[in-house]
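Enquirer: Just to be clear, the model below is a prediction. Sequence and coordinates:
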Amino acid sequence: MSAEFDPAKMIRVLESHGVEFVVIGGLAAAIQGAPLVTADLDIVYATGPANLVRLVSALRELRAVYRHQFGRRLEPTVEGLGSTQGGGHHLFETSSGDLDVLRTAAGRTFEDLRPHAVRVDMKSANALILELEKVIELKTAADRPPQTHNSRTWSRGSSSE
């Protein structure tokens, strides 16, 4: 399934199902002015049982299937999302583009990240977005420095001093 990337739609669906999550990664940085383009939505989700049920429901509405399954069509389940197998990283293709659903990012849970997130309205989607400095911190901790290779520039959203 090769879909046009529509992160606002993914966020609207997640929000409409009451999923607790924080947007991290390139999209969170770009929303805050970092000069980059991203092709996927990265989220860290709350792992409580009720949230897992809501998350699976939202993923089903988005017609999510696991990426890179060598011809197999694997759909998300509560048991799968509740598992720490594979590091708790769930990489999906959806009807609105690629969606990376993570239990943790650089060892940090939803509960750890929530205090460092701000609510942002984007194209009728209202989401918690991780603060830019924390996005940079996560990427650096995961040994994946910001794509511009200059986190000072990235954090300002501009290359001028």
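Expert: Structure's in. What do you need?
Enquirer: Run a quick neighbour tally on E93.
Expert: Counted with other C-beta atoms under 10 Å, residues neighbouring E93 total 20. Where you see a C-beta, it was placed from the backbone N, CA and C, and this is true even at glycine.
Enquirer: give me the low-pLDDT residue ranges for this structure?
Expert: 1-2, 69, 143-161 (pLDDT under 70).
Enquirer: quick one: the helices in it?
Expert: In order along the chain, the chain carries the following helices (DSSP state H): 7-16, 25-31, 49-61, 78-82, 110-113, 132-141, 151-156.
Enquirer: Including distance to N126 and mean neighbour count, could these go into JSON lines?
Expert: Shown next, in JSON lines, are the helices of the chain (distance: least, C-beta to C-beta, whole Å; neighbours: other C-beta atoms under 10 Å):
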{"stretch": "helix 7-16", "distance to N126": "6", "mean neighbour count": "21"}
{"stretch": "helix 25-31", "distance to N126": "12", "mean neighbour count": "23"}
{"stretch": "helix 49-61", "distance to N126": "15", "mean neighbour count": "18"}
{"stretch": "helix 78-82", "distance to N126": "23", "mean neighbour count": "15"}
{"stretch": "helix 110-113", "distance to N126": "17", "mean neighbour count": "18"}
{"stretch": "helix 132-141", "distance to N126": "19", "mean neighbour count": "19"}
{"stretch": "helix 151-156", "distance to N126": "24", "mean neighbour count": "17"}
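Enquirer: For these, give me CSV that also has distance to T104.
Expert: Converted to CSV, the helices of the chain look like this (distance: least, C-beta to C-beta, whole Å):
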stretch, distance to T104
helix 7-16, 18
helix 25-31, 13
helix 49-61, 14
helix 78-82, 13
helix 110-113, 8
helix 132-141, 10
helix 151-156, 21
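Enquirer: Of these, give the one that comes closest to A125.
Expert: Taking C-beta to C-beta, helix 7-16 is the member of the helices of the chain nearest to A125, at 3.8 Å.
Enquirer: circling back to that earlier point, D42: which of the helices of the chain is closest?
Expert: helix 25-31 (3.3 Å).
Enquirer: Against which helices or strands is that closest one packed?
Expert: Applying 3 or more C-beta pairs under 8 Å, 6 or more residues apart in numbering; DSSP states H and E, we find helix 25-31 packed against strand 40-45, strand 125-130, helix 132-141.
Enquirer: right, and those - which one's nearest R73?
Expert: With C-beta to C-beta as the criterion, R73 lies closest to strand 40-45 of the helices and strands packed on helix 25-31, at 19.5 Å.
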